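[1] Quick one: sequence plus predicted model below, questions after.
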Amino acid sequence: MQTEILDFFNQKDAALTKAAELIKNGEVVAIPTETVYGLAANALNAEAVKKIYLAKGRPSDNPLIVHIGDFSELEPLVAEIPEKVKKMAAEFWPGPLTMIMKKSSVIPDITSGGLDTVAVRMPESEAARAIISAAGVPLAAPSANLSGSPSPTNAKYVFDDMNGRIPLIIDAGPCKIGVESTVISFACEPPRLLRPGGITPEQIIELTGDIEIDGAVLNRLADTEKAASPGMKYKHYSPRAEITVVKGSFEAFYNFVKDKDCFVLCFDGEEGHFRNALTYGRENDSASQAKRLFDALRELDEKGAKTVYARCPDISGVGLAVYNRLIRSAGFNIIEV
Ligand code: TXA
Ligand code: MG
């Protein structure tokens with residue numbers, strides 16, 4: 001299969017027409033969102049959704065997020081809309097927030113990975129919204145990487161993973177946020193944060209009161225534990241390089257790595273101290289780290305890095321999402337110096 005790339009801004013009509021036609025015909029199209037690129041298909045068409053799992057090489061028990069363009073499109077997808085969801089949607093949709101509810105019968109089992117719940121998000125990006133509207137159906141879309149790889153934040157990285165596997169990629173430039181949406185379940189009480197993202201626990205608690213943070217957010221699940229979010233049990237975001245997250249001051253980090261044959265993943269301005277270094281944002285700016293992290297992980301592979309020591313981010317606010325992705329990319333290899 002030839003994979004075509006159309007530019008959303010320079011070829012808008014062609015991009016929207018082609019994307020809508022393919023999606024209506026049960027095909028998969030890679031689309032930009034404000035978080036990361038997604039692999040989209042008609043969420044209500046089981047055959048189409050099956051092609052997403054095939055293109056990604058994703059285990060079939062790992063459910064997909066359903067993307068909508070307007071709040072009115074939520075009602076048919078779910079058994080009921082909890083009050084807290086209405087409140088959250090009014091505040092944070094469109095945006096990097098995915099909410100899980102009991103599903104209705106229109107959601108095929110394959111879309112929800114066999115669960116009786118469904119995850120729904122209303123993205124903010126202009127391109128994503130235009131594509132949802134042109135397709136006229138809710139779009140199931142996981143991140144557009146091969147299963148296990150870092151999520152792609154630009155069309156080139158989508159192409160690297162998906163060339164020959166899908167017919168079309170819509171390019172709208174780099175993603176604004178750079179890590180995937182916050183995932184929170186409202187199918188339980190109190191609501192449970194399954195994956196941290198652009199909307200922070202602090203912001204959610206302020207609006208809806210107490211939430212629980214799932215154990216898989218900060219820790220590796222034991223082999224015997226059942227994951228509330230199936231995606232959390234799989235190895236994820238991993239470059240080929242072996243990464244170790246190093247907690248401690250810059251000075252301690254420097255002394256620890258200075259005589260080692262390795263790459264370092266550090267903060268902006270620190271790179272001059274090392275022979276092989278890549279940066280992922282400013283030390284006290286989680287948003288800048290989120291935007292850079294996945295690109296930096298892919299660049300480490302492009303540079304042939306084998307052993308990587310990474311500076312540990314602060315975990316407040318959006319930093320929790322950065323830390324959550326980084327420790328997974330490191331296979332939970334964390335040390336303190
Ligand atoms: O920002 C995002 O969320 C991106 C863009 C494309 O929208 N999408 C994304 O999808 O990151 P994906 O499939 O890579 O991650 C979805 C996560 C997985 O960890 C999955 O297990 C979890 O959400 N999930 C989806 N539906 C669920 C459900 N019903 N119950 C529990 N977890 C669910
Ligand atoms: Mg993903």
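    Here it is on my side, so go on. Ligands and ions are numbered 1, 2, ... in the order given.

[2] drop to CA atoms for contacts and neighbour counts, all remaining ones
    Fine.

[3] pLDDT of the longest helix belonging to the chain, averaged?
    For the chain, the helix with the greatest residue count under DSSP state H is helix 286-302. Averaged over helix 286-302, pLDDT sits at 97.

[4] ok, that helix near ligand 1 or not?
    No. For helix 286-302, no contact with ligand 1 is found by Cα under 6 Å from any ligand atom; the gap never falls below 12.1 Å.

[5] Following element in sequence after that helix, please.
    Next along the chain after helix 286-302, taking DSSP states H and E as the criterion, comes strand 307-311.

[6] For whichever helix or strand comes after that next one, name the packing helices and strands.
    Toward the C-terminal end, the helix or strand that comes next after strand 307-311 (DSSP H and E) is helix 319-329. In terms of contacts (3 or more Cα pairs under 8 Å, 6 or more residues apart in numbering; DSSP states H and E), helix 319-329 is packed against strand 242-247, helix 286-302.

[7] next one: the helix or strand just after helix 319-329 to chain centre, how far?
    Later in the chain than helix 319-329, the nearest helix or strand by DSSP H and E is strand 334-336. Here strand 334-336 is found 25 Å from its chain centre; the criterion is Cα atoms, centre = their mean, to the nearest Å.

[8] roughly how far apart are the residue lying farthest from the centre of the chain and F253?
    In terms of distance from the mean C-alpha position of the chain, D259 ranks first, at 35.1 Å (Cα atoms, centre = their mean). Distance of D259 to F253, computed by Cα to Cα, to the nearest Å: 11 Å.

[9] for K156, same thing?
    Taken as Cα to Cα, the span from K156 to F253 is 33 Å.

[10] Neighbour count for those two, which is higher?
    Neighbour tally, K156 and F253, criterion other Cα atoms under 10 Å: the higher count belongs to F253, 20 against 16.

[11] Go through the helices and strands packed on helix 319-329 and name the closest to E336.
    strand 242-247 (4.5 Å; Cα to Cα).

[12] buried stuff in that closest one?
    Residues 243-247 are the ones in strand 242-247 that count as buried (16 or more other Cα atoms under 10 Å).

[13] if we look at ligand 1, which of these are close to it?
    When contact is defined as Cα under 6 Å from any ligand atom, the buried residues of strand 242-247 do not meet ligand 1 at all.

[14] Quick check: residues of this protein near ligand 1?
    So far as Cα under 6 Å from any ligand atom goes, the chain lies against ligand 1 at 35-38, 62-65, 100, 112, 117-119, 141-143, 180-181, 228-232.

[15] Can you tell me which of the residues you listed are classed as buried?
    35-38, 62-65, 100, 112, 117-119, 141-143, 180-181, 229, 231-232.

[16] Surely S112 and L64 touch.
    Yes. Counting by Cα atoms under 8 Å, S112 touches L64, with 6.1 Å between them.

[17] Output stretch 223-233 as CSV, restricted to C-alpha atoms.
    Taking Å, rounded to 0.1, in the frame of the first residue of the first chain, the C-alpha atoms of stretch 223-233 are listed here in CSV:
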residue,chain,number,x,y,z
ASP,A,223,2.5,-9.5,36.7
THR,A,224,-0.5,-10.7,38.7
GLU,A,225,-2.3,-7.3,38.9
LYS,A,226,-5.2,-6.5,36.6
ALA,A,227,-4.7,-3.1,34.9
ALA,A,228,-7.6,-0.7,35.1
SER,A,229,-6.3,0.8,31.9
PRO,A,230,-5.0,-2.1,29.7
GLY,A,231,-2.5,0.3,28.0
MET,A,232,-0.7,0.7,31.2
LYS,A,233,0.4,-2.9,31.4
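
[18] any idea how far it is from the chain center?
    17 Å.

[19] Below-threshold pLDDT in this protein: ranges please.
    233-235 (pLDDT under 70).

[20] And the helices in it, which stretches?
    12-24, 46-56, 83-92, 126-135, 155-162, 201-208, 250-257, 286-302, 319-329.

[21] Redo those helices as CSV? Include distance to K176.
    Converted to CSV, those look like this (distance: least, Cα to Cα, whole Å):
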stretch, distance to K176
helix 12-24, 19
helix 46-56, 23
helix 83-92, 16
helix 126-135, 12
helix 155-162, 13
helix 201-208, 19
helix 250-257, 28
helix 286-302, 7
helix 319-329, 15
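
[22] what's the most buried one of these?
    helix 319-329 (a mean of 25; mean count of other Cα atoms under 10 Å).

[23] what is the orientation angle of that one with strand 242-247?
    Relative orientation of helix 319-329 and strand 242-247, computed by axes from the mean of the first three to the mean of the last three Cα atoms, to 10 degrees: 140 degrees.

[24] And helix 319-329, how far out from the chain middle?
    How far helix 319-329 lies from its chain's middle: 11 Å, per Cα atoms, centre = their mean.

[25] my read: Q2 touches M162, true?
    No. Taking contacts as Cα under 8 Å, Q2 lies outside contact range of M162: 10.3 Å.

[26] Give me the subset of the buried ones among the residues of the chain next to ligand 1 that lies in strands.
    Judged by DSSP state E, strands contain the following of these: 38, 65, 100, 117-119.

[27] Of the residues you listed, which pair is most distant in space?
    Among those, G38 and T117 lie farthest apart (Cα to Cα), at 20.4 Å.

[28] And E251, how far from V245?
    To V245, E251 is 15 Å away according to Cα to Cα.
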